[in-house]
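Q: with the input below, show me the fold.
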Amino acid sequence: MLDHLTVVTHPLVQHKLTIMRDRDTSTAGFRQLLREISLLLAYEVTRELEMTTKTIQTPVMEMDAPTLDGKKLALISILRAGNGLMDGILELIPSARVGFVGLYRDEKTLQPVEYYFKVPEDLGDRLVIAVDPMLATGNSSVAAIDKLKAAGATNIRFLCLLAAPEGIKRMKEAHPDVPIVTAAVDECLNDHGYIVPGLGDAGDRMFGTK
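A: I've put the predicted structure just below:
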């Protein structure tokens, strides 16, 4: 079991994150970096996947070789920005099942509003990795995990690019059984619920909508 919070300090992760934070990084550059960094974060979040062995024939001899055990994992994108992380992880794990939780944050109350939910069957038999670049207030993340647990998920991990202490605290209080993997823990949230120093709105920067 992963610790409740894992910060991936690999030099390549930190270097790419610095470029993403830069406000002058283009939309295309931001999108490509998010895809690249998601591969590195996926390596960490899948570190403890269950393994078994199967008998194969190499060009030299027969052997019992390690292979993943159990049903294929489920990758859940918290829309819309979660898609940027999901695309990269799917390059690493192309056989993963995919689901979506559509949430947007009410700008006045900072509370999540659901507009879409579609996930694979048998979540209880799968490792479920929920992805969203930003763990800010934690309200949307907690709401998404609530929905996944209601759909039967019991083994969940949360993967994000940046986390604020407030969001980490909120997630730990609501879902202490869900480990968090992130590239950085920033200072705090501002009055608008944005992570500081952060990198702005990940969805807007990824899709060029602002």
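
Q: for the helix ranked longest in the chain, output the C-alpha coordinates as CSV.
A: For the chain, the helix that runs over the most residues, judged by DSSP state H, is helix 27-45. C-alpha atoms of helix 27-45 as CSV (Å, rounded to 0.1, in the frame of the first residue of the first chain):
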residue,chain,number,x,y,z
THR,A,27,-0.8,25.5,-25.2
ALA,A,28,0.8,22.9,-27.4
GLY,A,29,3.9,22.8,-25.2
PHE,A,30,1.7,22.6,-22.0
ARG,A,31,-0.3,19.7,-23.5
GLN,A,32,2.8,17.8,-24.6
LEU,A,33,4.5,18.3,-21.2
LEU,A,34,1.4,17.0,-19.4
ARG,A,35,1.4,13.9,-21.5
GLU,A,36,5.1,13.3,-20.8
ILE,A,37,4.9,14.0,-17.1
SER,A,38,1.9,11.7,-16.8
LEU,A,39,4.0,8.8,-18.0
LEU,A,40,6.5,9.4,-15.2
LEU,A,41,3.8,9.8,-12.5
ALA,A,42,2.0,6.6,-13.8
TYR,A,43,5.2,4.7,-13.1
GLU,A,44,5.0,5.7,-9.5
VAL,A,45,1.2,5.2,-9.0
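
Q: so which elements touch it?
A: helix 11-21, helix 82-92, strand 155-159, strand 180-182, helix 202-207 (3 or more C-beta pairs under 8 Å, 6 or more residues apart in numbering; DSSP states H and E). Yep, even glycine has a C-beta here, placed from its N, CA and C like the rest.

Q: list the contacts of the helix or strand just after that helix.
A: Of the helices and strands lying after helix 27-45 in sequence (DSSP states H and E), the nearest is strand 51-57. Strand 51-57 is contacted by residues E62, M63, D64, A65, P66, T67, L68, D69 when judged by C-beta atoms under 8 Å, 6 or more residues apart in numbering.
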